[in-house]
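Trainee: the following block contains a protein sequence and its predicted model.
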Amino acid sequence: MALPVSLRNSLTPPELELIASEELVEIIPLIAMERTAFISGAYGPLRPPNKAKIPLWMAMNLKMKKKCHIVAPEWLSVEFLQERFAQETSRPEFSQMPFRFAEVAKLLLDSAPDDIQNSDKIRSLLKDIREARQAKSREGLQKIDHSELSLPNFCSMEINEIRPFFVRAMGVLTQLTRDPTGDSRGFDT
């Protein structure tokens, strides 16, 4: 399937989720397993009921087979997200969130909603935070300066969403600053 031109220069959301699946999460294993080596590293041993840190992809696989419970990261709680939403709506800067929070949250909420307390409320808060951050990024893009752009606390998904527009806009701004007359024909008359 051919992608729209605007997406050819950036990663798709499923590709970002694949990258995020390398993030380490805590699990409570329901089975014993020796230390196992993978290309990305060695994980384990798993000994119930002791918690273990493994990549998200492995945790999702074990969860699907009902061989573990995934422990939600501390930032994936109603209290934390309500605090961040309040910051997003009351301050001009972006609140600090994990770099891949959108992708990790989606993967966890899709694969282990029963392991996450108040998963419906969390989904709602994540949507509200996303909308508030999108509004801030749209507002910030209106103030683009060709010499510098600072986006502290911007997350992976957000960077990926603005990349096509930003690359095009910075190209135009660079052209305009090189040729302040606006003559883009490239020759003198």
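Mentor: Cool, the structure landed.
Trainee: buried set for the helix or strand bottoming out on mean pLDDT in the chain?
Mentor: Every helix and strand of the chain was ranked by mean pLDDT, DSSP states H and E. The lowest is helix 156-178, at a mean of 78. Of all the residues in helix 156-178, those buried under the rule 16 or more other C-beta atoms under 10 Å are 156, 157, 158, 159, 160, 161, 162, 164, 166. C-beta: built from backbone N, CA, C; applies to glycine.
Trainee: of the residues you listed, closest to residue 73?
Mentor: Nearest to residue 73 out of the buried residues of helix 156-178 is residue 156 (C-beta to C-beta; 15.3 Å).
Trainee: now for the closest residue in space to the closest one that isn't next to it in sequence, how many residues are close by?
Mentor: Nearest-residue entry for residue 156: residue 100, 4.9 Å, with adjacent residues in sequence omitted and distances by C-beta to C-beta, 6 or more residues apart in numbering. By other C-beta atoms under 10 Å, the residues close to residue 100 number 20.
Trainee: and residue 100, what is it in contact with?
Mentor: Applying C-beta atoms under 8 Å, 6 or more residues apart in numbering to residue 100 gives the contacts 16, 19, 20, 23, 155, 156, 157.
Trainee: find me the pLDDT at it, would you?
Mentor: We note a pLDDT of 96 for residue 100 in this prediction.
Trainee: and what of residue 185?
Mentor: Reported pLDDT for residue 185: 54.
Trainee: just residue 121 next, same as before
Mentor: 97.
Trainee: any idea how far the nearest residue to it once chain neighbours are set aside is from residue 122?
Mentor: Spatially, and ignoring its direct neighbours in sequence, residue 121 is nearest to residue 78 (5.3 Å; C-beta to C-beta, 6+ apart). Distance, residue 78 to residue 122, using C-beta to C-beta, to the nearest Å: 6 Å.
Trainee: next one: residue 159
Mentor: 23 Å.
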